[in-house]
Structure formats: C-alpha cells, structure tokens
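Undergrad: Based on what follows, work out the 3D shape:
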Amino acid sequence: MTTAQRLVADYVFSGGAMIANGAIDIDESGRIDAVGNDLSPTDAQTRSVGGLLMPGLVNAHAHTPMTLVRSAGDGLPLQQWLTEGVWPREAKMTPEDARAGMLLGSAEMLLGGVTTSCEMYLFEDAIVDAVNQSMARLVITPGIIAALAQDGSLDERLDEVDRFHATNHDPNGRITVGFGPHSLYDLSPDQVAEIGQRAKRRDALVHIHLEETQTERSDVIERWTGQSATQLLESAGLLDAKLLAAHGVWLSDSDQRLLATAGAGVAHCPHSNLKLGSGVAPIVDMLATGVRVCLGTDGPASNDNLDLWEELKLAPLLARGTRLDPAALTALQALEMATIGGAQAIGLDDVGDLRVGMWADVVRVDLDNPAFTPGIVDDMVNNLVFAGSSRYVTDVWVAGTAVVAGGELLTIDIEQAIHDARVRGQRLAASGS
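TA: All right, here's what the predicted structure looks like:
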C-alpha cells in the first residue's frame, strides 16, 4: 500500500514506549505502514498535529444503549438495581431507542478517545446501524438471556445470533461479532455449553458476566452443588473458547488459575463495581496469575458515563490503595490494559497499538495545558494515566479516517443525538407504557 498521510507529533506512544518528535504513516487502507522519529521523506499528505498521538482506547465491557437509562436506580445493590431501576425501563425499549442510545454513547466515547467498544446488548442490528454511522470500531456480542427464552429453549435466539454473525462479522473491517450469554446466575450450565459450542464453531468471542457480586458467587455455588461459576464454565467447555469475563470481583485463586490457563480475559470495571457496592476486583493477583486483564466502563446506568480515562486512572489507584503498595500496578500496565490488552482480550489482534500493520486507530491528546507541564518524556506515561482526561482529546482517527477534529464530531450531529436520546429516555422513565 502507498502511504496516504503522515501525522507528525511532539510525542507518539508506540510499542509501550514514548517517542519524542515522532510521526505515523498511514496507508490507503487505513493501516500503519511506518512509525518513528526518523522516517523517510514522503510525498504523502503531511500534517503537523503536535501534541501526543496514542492508540485509541478500548472499552472492553459496555452496554452503551443504556445511555437512555443513565443513573437509574442509584443506591440499590445489583439485583435490586436491575429489577427495580433498570429492567422496567428497558422493557419499554424499542430497536429505534437502542439505536439512539448507542449513537449518543458512541459519540460520547469517540469524543473521549475511545475508538473501540465491546458491547453486550439486545437489538444488535440497531447497534450496528448506529456504529456504521459513527464509524467507531465495534465488537458486538448479542445478549442471550434465559428469562427471555421461549419455553426455556434458546434455539430461536441462538439461530438469530448465528444469522447475525454470518451477516455482520467482518474481521477485516470495523465490526466483529461474538456471543453474549448473560451469566451463570441466569443461564444453566447446559445452556452455556450450547452457546459455547456455537461460538467455537465460528471461532467467536464469548462475553459473559462473571463473579460480579459476593451474593452472585454464593448463590451459584449453592445452586450448582458447590461449583463456582468459573468451574461451571470449565465443565461446560467455555474455557476452550475465546472467553471474556466481565467484572471478576469475587474470583477465587483457583478460579483465576483456570482463567489464566485458558488465556481468558477479565474486563475490570472499577467505577461500576464501586457504585453498586460490589467490591474491588483483585486485578494484581489476576495479572500475577496470568489472567489477561483489560478495562471497561460497564453500562452508563451503573457508571454513569463511558469515560474510560476514569477507569484508567482508578484501576492503579485502587490496586495501590488496597494493597498498600505504590508499585502494585504501574501506569504503563494500566495504559496497556486500556489499549493493547483490551484489544487482545476482545479478540482483536490488529488494534490497540501504533505499530506497523495495525489499524490506524489514533487519538491526539493536547499537551498545551497545566496537566502536562513540564512535559518530560520519561514522565509522559504517568502524566497520561494520572493527569490525563478525556477533555484533553482533540482529534480521533479510526482506520485512518478522521472522526473527531478539533474537538468536533465529524460523523454524528451531536445536538440531534442528544435531543433524540433525551426524548426517548424520558419516555422510558415515565410511568405506564
């Protein structure tokens, strides 16, 4: 491919290192064909953008259409929060509502430098339609929920997901498809095994809630003859699939070893876990065991935003505070959890870093502000994690195409998106149908 454009910046974060006075060459297909601070002369369009260029952030666990139920049910524990705060509103949701919620959330994420999200939700066609407009990158895992199954059979829903996968899965594009079984407190081991078999036939990601609360853990163990949810996943053959587990707050040491051996990922969602009073996931132990830890926001009803920068900062702070160790989790480890680690955990091997051959999902961070002063290169990763913020993101490219420029969205009418979501969200919150 021929180089189509070159971006020149004060700093480029690539391959885990900070490059001063760096540049990125992007080819006509939207992939990176060179990166460094001593690139050959080029006839390609060259832009001196200044600031810092870094990989787009990866939100590894989200329910983004829940922008329409943002902040519902605050102060309730998980199960009560779902049954009393969230599900009554979601029961009235239509595909058009889900599209509006996803479009607004995609705008929120792109403006904050989140270029990829892994979604678990219903109304998957509407979600893809919204992301085709926003031009973000999407891993969509259609939700599979036992409570919605007809006569206890998942066949109809699994057939829907199969057809959806055949139509929308595009490993060479922006959208890939997996399976989203809700949890082992909703689905039986046999049902989860059936989902796993379908996913493995397609080499597809399986994205499931796991050990989010202490009550969930104890209930599953009591119901299934002393086995934890992770042990049930092993028995059901899910650890042989590409597995992404959300939360993992109450994983035992043996559970962590099972996940590590399987090469599974765990999406750490610290804000949601704290807001719902679920606890603090032992991610330092997980990393030491070999679990692939990444970061997610969870849904905007339990976070209550989609700002992965907040998770990026909170994850190392929680790790250090709970272990009384300022070296428990480094800034670089946290940044990799939000980029390359997240991409790998959701099944993407060409996203999450600015290296040759990878998609040019690039974020520009403005350094001309107090938070990044004095701007010492050796401190820049620490600055990003502990002083950085979504408000410093100015420009975003997905596969080399600009989607945010100068802080303005190029693909979505943000005022219209806000209006549509506000009207629909208020209807869902109103009593009656």
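
Undergrad: only C-alpha atoms for contact and neighbour calcs from this point on.
TA: Fine.

Undergrad: So for the helix or strand where V396 lies, mean pLDDT?
TA: Using DSSP states H and E, V396 sits within strand 393-398. Strand 393-398 comes out with an average pLDDT of 98.

Undergrad: Please write out the alpha-carbon positions of the helix or strand following that strand in PDB.
TA: Next helix or strand after strand 393-398 toward the C-terminus (DSSP H and E): strand 401-405. What follows is strand 401-405, C-alpha atoms only, in PDB (Å, rounded to 0.1, in the frame of the first residue of the first chain):
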ATOM      1  CA  THR A 401     -10.300   8.300   8.800                       C
ATOM      2  CA  ALA A 402     -10.800  11.400  10.900                       C
ATOM      3  CA  VAL A 403     -14.000  11.100  13.100                       C
ATOM      4  CA  VAL A 404     -13.200  13.900  15.600                       C
ATOM      5  CA  ALA A 405     -11.300  17.000  14.500                       C
END
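
Undergrad: quick thing: my sequence starts at 12, can you match it?
TA: All set: I'll call the first residue 12, so the last point we hit is now strand 412-416.

Undergrad: Report the distance from strand 412-416 to the chain centre.
TA: For strand 412-416, the separation from the chain centroid amounts to 20 Å (computed by C-alpha atoms, centre = their mean, to the nearest Å).

Undergrad: neighbouring strands for the following helix or strand past that strand, and are they parallel or not?
TA: Following strand 412-416 in sequence order, the next helix or strand is strand 419-420 (DSSP H and E). Strand pairing for strand 419-420, using DSSP bridges, gives strand 412-416 (antiparallel).

Undergrad: list the buried ones in the partner strand?
TA: For strand 412-416, the neighbour count (16 or more other C-alpha atoms under 10 Å) marks 413-415 as buried.

Undergrad: what does stretch 359-374 rub up against?
TA: 24-26, 35, 37, 41-46, 64-69, 124, 126, 350-354, 404-411 (C-alpha atoms under 8 Å, 6 or more residues apart in numbering).

Undergrad: sorry, back to before: give the pairing partners of the strand holding V407; include direction for each.
TA: When DSSP bridges is applied, strand 404-409 pairs with strand 373-376 (antiparallel), strand 412-416 (antiparallel).

Undergrad: Just the buried residues of the contacts of stretch 359-374.
TA: Among the contacts of stretch 359-374, those scoring as buried are 24-25, 35, 37, 41-46, 64-69, 124, 126, 350-354, 404-411 (criterion: 16+ other C-alpha under 10 Å).

Undergrad: Return the subset of those lying in helices.
TA: 351-354 (DSSP state H).

Undergrad: Retrieve the pLDDT associated with P88.
TA: Here the pLDDT value assigned to P88 is 86.

Undergrad: isn't R148 right up against V409?
TA: Yes. Taking C-alpha atoms under 8 Å as the definition, R148 is a contact partner of V409 at 7.3 Å.

Undergrad: overlap in contacts of those two?
TA: With contacts taken as C-alpha under 8 Å, 6+ apart, R148 and V409 have T126 as neighbours in common.

Undergrad: My guess is E119 contacts L319. True?
TA: No. Using C-alpha under 8 Å, E119 is not in contact with L319; the gap is 10.6 Å.

Undergrad: Looking at the two, which has the bigger crowd around it?
TA: Using other C-alpha atoms under 10 Å as the criterion, E119 and L319 rank with L319 on top: 26 against 20.

Undergrad: Verify the contact between the more buried one and T308 for me.
TA: Yes. Under the criterion of C-alpha under 8 Å, L319 makes contact with T308 at 6.2 Å.

Undergrad: list residues touching both of the two?
TA: Residues touching both L319 and T308 by C-alpha under 8 Å, 6+ apart: N70.

Undergrad: buried sites along the least confident helix or strand in the chain by mean pLDDT?
TA: When the helices and strands of the chain are scored by mean pLDDT, DSSP states H and E, helix 89-91 comes last with a mean of 87. Neighbour counts over helix 89-91 (16+ other C-alpha under 10 Å) mark L89 as buried.

Undergrad: Against which helices or strands is it packed?
TA: Judged by 3 or more C-alpha pairs under 8 Å, 6 or more residues apart in numbering; DSSP states H and E, helix 89-91 is in contact with no other helix or strand.

Undergrad: chain center to that helix, what's the gap?
TA: 22 Å.

Undergrad: Contacts made by the next helix or strand after it with the rest, please.
TA: The first helix or strand that comes after helix 89-91 along the chain, using DSSP H and E, is helix 98-101. Defining contact as C-alpha under 8 Å, 6+ apart, one finds that helix 98-101 is touched by 80, 439-440.

Undergrad: ok, so what distance separates G353 from P200?
TA: In this view, G353 and P200 are 27 Å apart by C-alpha to C-alpha, to the nearest Å.

Undergrad: How about D360?
TA: Note on D360: its distance to P200, by C-alpha to C-alpha, is 30 Å.

Undergrad: Tell me which of those two has more neighbours.
TA: Using other C-alpha under 10 Å, the more surrounded residue of D360 and P200 is P200, with 21 against 15.

Undergrad: confidence score at the more buried one?
TA: At P200, the model reports a pLDDT of 95.

Undergrad: G443 now?
TA: The confidence metric pLDDT takes the value 57 at G443.

Undergrad: same question, V150
TA: At V150, pLDDT is 98.

Undergrad: secondary structure class for it?
TA: Under DSSP: H, G, I helix; E, B strand; the rest coil, V150 falls in the strand class.

Undergrad: D431 sits in which helix or strand?
TA: With DSSP H and E as the test, D431 turns up in helix 425-440.

Undergrad: for the helix or strand hosting A177, packing partners?
TA: Applying DSSP H and E as the criterion places A177 in helix 166-179. If contacts are counted by 3+ C-alpha pairs under 8 Å, 6+ apart, helix 166-179 sits against strand 148-155, strand 186-188.

Undergrad: Quick check: which of the ones you listed is buried the most?
TA: strand 148-155 (a mean of 26; mean count of other C-alpha atoms under 10 Å).

Undergrad: helices and strands around that strand, which ones?
TA: So strand 148-155, by 3+ C-alpha pairs under 8 Å, 6+ apart, packs with strand 125-132, helix 135-145, helix 166-179, strand 186-188, strand 191-192, strand 216-221.
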